[in-house]
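> Would you be able to build a 3D model of this:
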Amino acid sequence: MSLKFLSRYSPYMLSVLRIVSALIFMAHGTQKILAFRPVT
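Model (predicted):
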């Protein structure tokens, strides 16, 4: 099975991955800066 057709979507998937990882880092950073405590 050839996956050559997926190479067309590679830049889009990379940009989605970058945006999602940036949002995760921002969420973690704001949690550390604003000192939110985990819900127990």
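
> Spell out the residue ranges of the strands in the chain.
Assigned strands in the chain: none (criterion: DSSP state E).

> neighbours around F25, how many?
As a burial measure, F25 scores 10 neighbours (other Cβ atoms under 10 Å). Backbone N, C-alpha and C define where each C-beta goes, glycine included.

> swap in Q31?
Number of residues near Q31 (other Cβ under 10 Å) recorded here: 12.

> which residues does it contact?
By Cβ atoms under 8 Å, 6 or more residues apart in numbering, the contact list for Q31 is empty.

> State the pLDDT value of it.
Q31 is assigned 84 on the pLDDT scale.

> any idea how far it is from L3?
37 Å (Cβ to Cβ, to the nearest Å).

> Over to M26?
Noted for M26: a distance of 32 Å to L3, by Cβ to Cβ.

> now L17
Taken as Cβ to Cβ, the span from L17 to L3 is 17 Å.

> Pick out whichever of those two has more residues nearby.
Neighbour count, other Cβ under 10 Å: between L17 and L3, L17 has more, with 10 against 6.

> So, low pLDDT: which residues of this structure?
In the predicted model of the chain, residues 1-2, 38-40 satisfy pLDDT under 70.

> Go again with 80.
Where the chain drops to pLDDT under 80, the residues are 1-3, 36-40.

> Could you pull out the helices in this structure for me?
10-33 (DSSP state H).

> give the contact list for I24.
Counting by Cβ under 8 Å, 6+ apart, I24 has no contacts.

> how many neighbours does L6 have?
L6 has 9 nearby residues by other Cβ under 10 Å.

> how about it, what does it touch?
L6 sits in contact with no residue, where contact means Cβ under 8 Å, 6+ apart.

> let's see 10 Å
Applying Cβ atoms under 10 Å, 6 or more residues apart in numbering, we find L6 in contact with M13.

> How much space separates L34 from L3?
43 Å.

> Equivalent analysis for G29, please.
Distance, G29 to L3, by Cβ to Cβ: 36 Å.
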